Each structure stands twice: as C-alpha cells, then as structure tokens.
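> Got a sequence here, can you model it:
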Amino acid sequence: MIYLALGSNLSGNYADSQQLIAAAIDHLPLCGAHVVACAPLYRSAAVGPKINGQGQGDYINTVVAVRGVVPAVALLQRLHALEAAFGRERRVPWGPRTLDIDIVSYHDEIHAHGAQIPHPRLAARAFVLYPLRDIAPGWRHPLSGRLIDTLIQALPTRDRLNLIHLNK
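Down below sits the predicted model:
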C-alpha cells in the first residue's frame, strides 16, 4: 500500500483548506494514485517560519491510502505537478502552502535517490502519524520496524495535545 500525507494552510481558489484538500484527493487518480482509504482531517499548528513577522495559519492534514500504477519517483513528480496546479509555490522552506503532498511510504520500499521514502521526518510528525493510524492501525515504519502506536507514544506531549481531530 502507498500512503500519502496531504496538508494545506492556504485556501487558494477554494473556500478553505478543507475544501482544497478534498479537491486534491479527488484529483489523485490523475496522478496514477487510486484512493483506497482516507483518514479524517486534523488541524495542527504550523511549524514553519513567520512570514513578514506574522505566524502562519494552522494546517489541515490527512493521510490517504492509494494503489499506484507508476513507480515511486514518477508518482512524486506527478504529485509535485498536482501541488503546482493547486497554486503551490516553493518560495520559503516550510512556508505556507496551498497544498503539500508527501509520500509517507510506498509499499514498504526504501528509496534514497530521486525520492526520500519513507518520508525522513515521518516519525516526528503527529499530523501524519495520527491520520495514518486511523487508516492503517497496524502499520510499521519500513526502516525502524516500529509500530505506529510506538511512534505516536514517542512524540512529545505538546505535539500530541496540539493536534485537533476535526471530525469528532
């Protein structure tokens, strides 16, 4: 199974980031990623820099499970094109964005060239781990072999408490 993390804190041409994420999920088949399961939405505080002296708005995040018909590097290229189509501009590292799509894992394969899979900061991101657990409760990290519940328990308390499940 392939797992993709989606996030947004700029609404672009949509009413809000929740609608933008829903539209992006609807477009994933155009990238060769056919959605099998979708986690609920979560709200998380931005971890990126202040922009013009102001903090970034909160992010809306989710994880989807997909079946892919293209190799990992080609999928990543197509996902970057989808981000651009949704108005993503890569000006400031970790800056605000309309759409961010990361390949969390790709059939438990490990890729280091052309695409870093599994995502290198996956184990430190509550906003990825919680929605991933919602759709893949027995998932193991491809490199460490650690279960998702173990990864979540290792998160700092503040990260676990600052994540808001939007569908409850």
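> from here on, contacts and neighbour counts on C-alpha atoms
OK.
> now residue 63, what's its secondary structure?
strand (DSSP: H, G, I helix; E, B strand; the rest coil).
> Report how many residues lie close to it.
31 (other C-alpha atoms under 10 Å).
> Now do the contacts for it.
Shown in contact with residue 63 (C-alpha atoms under 8 Å, 6 or more residues apart in numbering): 3, 4, 5, 6, 38, 39, 40, 128, 131, 132.
> can we see that at 6 Å?
4, 5, 39, 131, 132 (C-alpha atoms under 6 Å, 6 or more residues apart in numbering).
> neighbours of the fourth one, just the number please.
Meaning residue 131. Around residue 131 there are 22 residues (other C-alpha under 10 Å).
> Kindly report the same for the first one.
Residue neighbour count, defined by other C-alpha under 10 Å, stands at 23 for residue 4.
> Ignoring the adjacent residues along the chain, who's closest to it?
residue 103 (4.7 Å; C-alpha to C-alpha, 6 or more residues apart in numbering).
> Now do the one helix or strand the one you found maps to: everything it contacts.
Using DSSP states H and E, residue 103 maps to strand 100-106. With contact meaning C-alpha under 6 Å, 6+ apart, strand 100-106 is reached by 2, 3, 4, 5, 6, 7, 117, 118, 119.
> tell me the mean pLDDT over that strand?
Averaging pLDDT along strand 100-106 gives 94.
> In the helix or strand bottoming out on mean pLDDT in the chain, which residues are buried?
None of the helices or strands of the chain scores lower by mean pLDDT, DSSP states H and E than helix 157-161, at a mean of 87. Under the neighbour-count criterion of 16 or more other C-alpha atoms under 10 Å, helix 157-161 has residue 160 buried.
> Give me the next element, helix or strand, following that helix.
strand 164-165.
> Now for residue 5: which residues touch it?
Taking C-alpha under 6 Å, 6+ apart, one finds 62, 63, 101, 102 in contact with residue 5.
> hang on, the earlier thing: can I get the strand holding residue 103 as PDB, trimmed to CA atoms?
Provided in PDB are the C-alpha atoms of strand 100-106 (Å, rounded to 0.1, in the frame of the first residue of the first chain):
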ATOM      1  CA  ASP A 100       1.700  19.800   0.200                       C
ATOM      2  CA  ILE A 101       1.700  16.100  -0.600                       C
ATOM      3  CA  ASP A 102       4.300  13.800   0.700                       C
ATOM      4  CA  ILE A 103       4.800  10.100   0.000                       C
ATOM      5  CA  VAL A 104       4.800   8.700   3.600                       C
ATOM      6  CA  SER A 105       5.600   5.200   2.400                       C
ATOM      7  CA  TYR A 106       5.500   3.300  -0.800                       C
END
